Structures are given as C-alpha cells and as structure tokens.
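> Below are the sequence and a predicted model; questions follow.
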Amino acid sequence: MRIALISASRVPSRTANSIEVMKVCQAFVDLGHEIHLWLPGPEPKMVWADLKELYGIREPFPISWLTSFEVFRRYDFSLRAVLKARAWDPSLFYVWPLQAAAIASSLGLPTALEVHDRPQGRLGPILFRRFLEGRGAARVLPITEAMREWLSDAYQVDLEPPFALVAPMGVDLAQYHNLPDPEKSRDKLDLTQGFTAGYAGHLYAGRGIDLLMDLAWRNPDVHFLWAGGEPEAVEFWRSRLQKAGLQNVQLLGFVPNERLPLVQAACDVLLMPYEPKISVSSGGDTAQFASPMKQFEYLASGRAILASDLPVFREVLNEENAVLLPPNDVAAWDQALNQLMAEGSRRNTLGERAGKDAAQYDWRDRAIRLLDGLEKSDAA
C-alpha cells in the first residue's frame, strides 16, 4: 500500500506522541508499505543517524515538513498536508489530527483516524462527526477500550470491528531481544550495582514523582534510577533530592529510544506510579484513556512491574504480569517493593510473564492488525 501519514507532532522532539508517530511509520516500512509522512514546522537540520538514535528506528522514509502558523491552530497545516498527500496518490490516509481526518474524509479519501483523547473544544466534536459522516471514513482507532466506549456513547455511533479497532500503544520487540540481566546491564552502563528500582518517562505532573521520592527516602539501600524528563524538570527534581539529602537516586535525564531498553534492563523492578490525574505534554488529563508506551516497554523488559491500579491500565496489566497498587498510597508501594526485594522467585515469575505478554504488542503486529481489510480494498 501507499500510505500517507499526517501528524501534528513536532519531529524531532522528545514527546511520547512524536515517538509513537515514528514507530508507526517504521512498522509500516517493515511490512513493505510505501509511506510518506507530513509534519508541521520547518525542516530540521538533522541527519537520519540522529533520528535513528532518538527514535530507535531502522530505515529512512520520506518526511515533508510544512509551514504552519500557530494562529490557525493547525487548520492551515492539515489542509495543506491533505492536499499535498492527495497529489501523491496514496491508497490510505493514516492521520492523527482531527482537522486532517475531517478534511480527508469529506473529500472521499480513505482515512484511518487514530484517537488518543476526547475531541476537545467547540470544534473538536464537529470535526469528529465530519470525519465519521465523510465518504472516506475507513477506520477509527481509539487507543484503549475505554476510549472506544466513550466515543461510542458520546456520539451515539456503532464503533465495532472492523470499522473501529482498539489500537493500544506498542513496543519494538526487536530492541528488547536478548537483553542482559540487571547486573550485566548495570555494568554495561557503568551504573551503581545493587538492587535497582527504575522509572522511565517524563517528569510531568501526575506521573507519581513525589511518590518515587518518598520511596527513595524510605529505602536508602535501594538504588533508584530515573530516566527521562526535560532539562528544567530534571534540575528541579535534582535540587529537591539534594535538599532532602537523598543520595540513592540517579537522574539520567532524557535517554534516546535506541538506548532505553538497556537502561530498563538494568533495573530489578520497574515503577509506574501514575496518579489519578495524568498530565501530558499538550496539557489536559488522560487518566481515563491513557495507553502509555512505558507499560509495553516495561513488559518487554521482562522485569517485575509495580504500577498504579487505574482502570484503563487493566486493559494490559493484571496480577500475573504486574503488582497493581493504589495510586498515591506510599505505604502500599513501600510494602510491595520490599516484598519483591525479598522474593526473587516472585520477581522472576512476574518478569517472565511480562515478557510473554509483551509479544502481542509489537508495533509491526499492531500495524498488520490495523490495516487488515484495508489492503483488500486497495488491491481491488
């Protein structure tokens, strides 16, 4: 297939939505599809080797950056991107912005829309309905079952397969193949040896960073490894840790996706202490519908996972592949961490099951499933 992808994400950037866009593109390329990606902004002065390290991608693919003015709130970009992509004559439009989905579908262009959150503002619902009512609406892809149910109820529309498919985030399993054990991974990275509890991700509000700090204070003999965060956030938390006299937390800052698996493998336990309200780079609260990439990366790492027991996480996590705990309950998290420290066999059992469960979330397999049926119409 010839697939035109349109995203409002900034590339290059460190945001999760930017990483996801590039992983989706890589998956389509891996499957032999011909793709072209359209993005807003000026073309960056980066070579593919830089993008490869930043995003953990393997093969170059065509990207076009289009000028966009903030005052138009991506409407100008979406219109230009759809028209540019139409001239390329694709078999399918795979899009993230509602504006692009509404335009492409209204023009009768076969369009698959990936939905990460509720349509926002006054125009969001109008654009979503315009997409659904357009002749080109080929598939809607909510990232969680909770998102699919909400859209179906809110818009009184039948969102069932094959038109609607739940499309959780994924993981590049090839990056996690044959990872060393925690001790060897720490040696490779020149990290402190000893029992290590790790967190990988941004340091936004709602990610449970205060809880991580409390755990470090309660467990001075445990080494805590934090990977991720923008420089300002890293310095803020480094200052707080220093003022609290905590010396058992190591902040790595942002880790390029290509190197992230080894960092995660260096941990004996991986932590996902999301709070009931989760902020993202664009603002807002996604706790009801979130599908964070770290939960799939954690699974693929084959390590024991401690995670907040949010309803949406139970679409992926359960008592057999993770320890699910009340958000913000430091005492419960502390008890669970110490139990896993004392019970190596349980850590291993959880990690082995996590690794097995990760197999169903490979980006490549995800792409196969999401395109199923759409290739048939292309071949016809």
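All right, it came through fine.
> From now on I want contacts and neighbour counts done on CA atoms only, so please keep to that.
Fine.
> which parts of the host helix or strand of Lys84 are buried?
Using DSSP states H and E, Lys84 falls within helix 75-88. By neighbour count, and taking 16 or more other C-alpha atoms under 10 Å as the criterion, the buried residues in helix 75-88 are 75-82, 85-86.
> before we move on, what about stretch 113-129?
By neighbour count, with 16+ other C-alpha under 10 Å as the criterion, the buried positions of stretch 113-129 are 113-119, 125-128.
> where exactly do the strands run in the stretch 51-200 of the chain?
Using DSSP state E, counting those that start in this stretch, the strands assigned to the stretch 51-200 of the chain run over residues 63-66, 92-95, 111-115, 137-142, 196-200.
> Turn the buried residues of helix 75-88 into a markdown table, including distance to Arg366 and pLDDT.
Shown next, in a markdown table, are the buried residues of helix 75-88 (distance: C-alpha to C-alpha, whole Å; pLDDT from 0 to 100):
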| residue | distance to Arg366 | pLDDT |
| --- | --- | --- |
| Tyr75 | 29 | 91 |
| Asp76 | 31 | 93 |
| Phe77 | 28 | 96 |
| Ser78 | 25 | 96 |
| Leu79 | 28 | 96 |
| Arg80 | 29 | 96 |
| Ala81 | 25 | 98 |
| Val82 | 24 | 98 |
| Ala85 | 23 | 98 |
| Arg86 | 25 | 98 |
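> sorry, back to before: in CSV: the strands of the stretch 51-200 of the chain, plus distance to Asn257.
Formatted as CSV, the strands of the stretch 51-200 of the chain follow (distance: least, C-alpha to C-alpha, whole Å):
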stretch, distance to Asn257
strand 63-66, 19
strand 92-95, 23
strand 111-115, 22
strand 137-142, 24
strand 196-200, 11
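> Let's have the ones you listed in TSV, adding mean pLDDT and distance to Thr15.
Below are these laid out as TSV (pLDDT from 0 to 100; distance: least, C-alpha to C-alpha, whole Å):
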stretch	mean pLDDT	distance to Thr15
strand 63-66	96	18
strand 92-95	98	17
strand 111-115	98	17
strand 137-142	98	19
strand 196-200	98	13
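> Tell me which of those approaches Gln250 most closely.
When these are ranked by proximity to Gln250, the top entry is strand 196-200, at 9.6 Å, counting by C-alpha to C-alpha.
> picking up where we left off before, mind checking which of the buried residues of stretch 113-129 land in helices?
Mapping these onto helices (DSSP state H) picks out 125-128.
> of all the strands of the stretch 51-200 of the chain, which lies closest to Leu151?
Leu151 lies closest to strand 137-142 among the strands of the stretch 51-200 of the chain, at 8.5 Å (C-alpha to C-alpha).
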